[in-house]
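When you get a sec, could you give me coordinates for this:
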Amino acid sequence: MKEFIFSYRESCGIALADLLALAEEKKLEAERLLLADLFLKKELYETSYASLAIPFDEQIRERVSAVAAQKKKFNPTVLVVIGIGGSSLGAKAVHQAVFGRLRTRVVTNIPLLYFAETVDADRMITILSVLEQELAAGNNILINVVTKSGTTTETIANFYVILELLKKYRPDDYAELVVVTTDKDSPLWSLAQCEIFTCLEIPKMVGGRYSVFSAVGLFPLVMTDISIEELCAGARSMVTRCLNDDVQNNPAMMSALIQYYHYQRGVSINDLFLFSVDLEAMGKWYRQLIAESIGKEFDKQGKQVLMGITPTISLGSIDLHSVAQLYLGGPRDKCTTFVTVEKNRNNIIVPHDVSGLAGRSFSDIMHALSAGTKGAYLKNNRPFCSVVLPEKSEYYIGQFLQFKMIEIMYLGFLCNVDPFDQPNVELYKREAQRILNVL
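Sure, this is the predicted structure:
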């Protein structure tokens, strides 16, 4: 099995010797040793690093697979995941990478997957219309409500609206068509026990943005016939790779060092440049991961630092026609990670043209565009690193997601912030609740 390739160009403004010196100066090896020690002693579940243990936890996959097998007996034509942020982005990232963004009912016996995330009435009406059509036609739908706290405003609102529709058409057996994924003993867990909904537990120390390999991501994925075994196998291989002591061959350490090095020099924007539209959701998953993990008002000692790297997403070759001028000619405030795919699921040959493209494949053209973009960055001394995925399969997507989660753990250590909390997010929630209370 191939591994994905991570690389960077020293000619983009940073020498390997400088990265290694930075790693030694910041004592990054101490963090790696801590992770490796916790991993070897199997003590990760008791710490904030618990997400590293999940791909190795066969009991989680067995439980998820058993519930999925039970629910597949109802032959649901639609699965709607009700969740937001870390409760939806991971599953969406994997599903779109494997199936593509425009999946229709081409594959039989696999339910269509919808995500009810925000309380946008127009969007929800569209989803409700699809669900009602299926129910009115005598088909089954399956609801998977996902919220770690069990109290997320948008999720609870969407859940009760969709549940009401389900009860209308399935008054006697609606509970069989609901799966609740939440913390044990959360308010939603308690409700599920009363209603006899099927429950899937989120490990206590695993935060939402790190939960893709838990039931949060695995249940909707296995319901749509995505191999969670391959997904977690890819993740396991990356844990091993990213806990080794060779910095040069540890992509998570290298990527974290590169970002931190440039951040110290005023480069505060991280652009994930994806040369496949099917990876856009993966970019949004990473956007949350780095924004919530590194964007902090205070460091670990309680000193106000207003730390943060602003994540952006670009799609090749679409955004070469919208932002390339800015990236190549504008301020030097961006560090870019290019993500390309070696082998796509399909290929197309250009039949004829007037500009020398006849007989060329789309893969050849996309490769030339991505290579040309990197060449332009080199000539303009714009910092970047590269990830090459052999293909958009479960194994390699699992590798990428795990690589990025470990990268953020190292980056949090370098920035001296807690990469697992998000205290400021509670501010808008409290204000929103205050406003709702007076309406």
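
Show me what counts as buried in whatever helix or strand V161 lives in.
Taking DSSP states H and E as the definition, V161 sits inside helix 153-169. Of all the residues in helix 153-169, those buried under the rule 16 or more other Cβ atoms under 10 Å are E154, T155, I156, N158, F159, V161, I162, L163, L165, L166, Y169. (Glycine included, C-beta is placed from N, CA and C.)

what about the strands in this structure?
5-8, 76-82, 112-116, 140-146, 178-182, 198-201, 269-274, 296-298, 304-307, 310-315, 334-343, 384-391 (DSSP state E).

lowest-confidence stretch among these?
Among those, strand 5-8 carries the lowest mean pLDDT, at a mean of 92.

Please compute how far that one lies from its chain's middle.
Distance of strand 5-8 from the chain centroid (Cα atoms, centre = their mean, to the nearest Å) equals 20 Å.

Tell me the helices and strands packed up against it.
helix 251-264, strand 384-391 (3 or more Cβ pairs under 8 Å, 6 or more residues apart in numbering; DSSP states H and E).

Quick one: residues in contact with that strand.
I14, P251, M254, S255, I258, F384, C385, S386, V387, V388, F403 (Cβ atoms under 8 Å, 6 or more residues apart in numbering).

Return the per-residue confidence for the fifth one.
The confidence metric pLDDT takes the value 96 at I258.

next one: the last one
With respect to pLDDT, F403 has a value of 98.

same thing with the fourth one?
Predicted confidence (pLDDT) for S255: 97.

Kindly provide the distance from it to G208.
22 Å (Cβ to Cβ, to the nearest Å).

ok, S87 touching G150?
No - checked against Cβ atoms under 8 Å, the pair S87 and G150 is beyond contact range at 10.9 Å.

Looking at these two, which one has more neighbours?
Using other Cβ atoms under 10 Å, the more surrounded residue of S87 and G150 is S87, with 29 against 22.

so who does that one touch?
Applying Cβ under 8 Å, 6+ apart to S87 gives the contacts V81, V146, T147, K148, T152, T155, T181, G208, S211, V216.

correct me, but F413 touches L33?
No - counting by Cβ under 8 Å, F413 stays clear of L33, with 11.5 Å between them.

So the two - more neighbours on which side?
F413 (22 against 13).

Pull the contacting residues for the more buried one.
K26, L28, E31, P419.

how does it look with 7 Å?
Residues near F413 by Cβ atoms under 7 Å, 6 or more residues apart in numbering: L28, E31.

Map the structural domains onto the sequence of this structure.
For the chain, the structural domains run 5-38+231-425, 52-226, going by automatic domain parsing.

what distance separates the start and the end of the longest one?
With Cα to Cα, to the nearest Å as the measure, the first residue of domain 5-38+231-425 is 35 Å from its last.

D225 is nearest to which of the helices and strands packed on strand 5-8?
Evaluated with Cβ to Cβ, these place strand 384-391 nearest to D225, the distance being 17.4 Å.

Run the angle between the closest one and strand 334-343 for me.
Strand 384-391 runs at 20 degrees relative to strand 334-343, counting by axes from the mean of the first three to the mean of the last three Cα atoms, to 10 degrees.

Now F74. Nearest residue, chain neighbours left out?
N140 (4.6 Å; Cβ to Cβ, 6 or more residues apart in numbering).

how about the one residue sitting closest to the centre of the chain, what does it touch?
Residue closest to the mean C-alpha point of the chain, counted by Cα atoms, centre = their mean, is W285 at 3.3 Å. W285 makes contact with L89, G90, A93, according to Cβ under 7 Å, 6+ apart.
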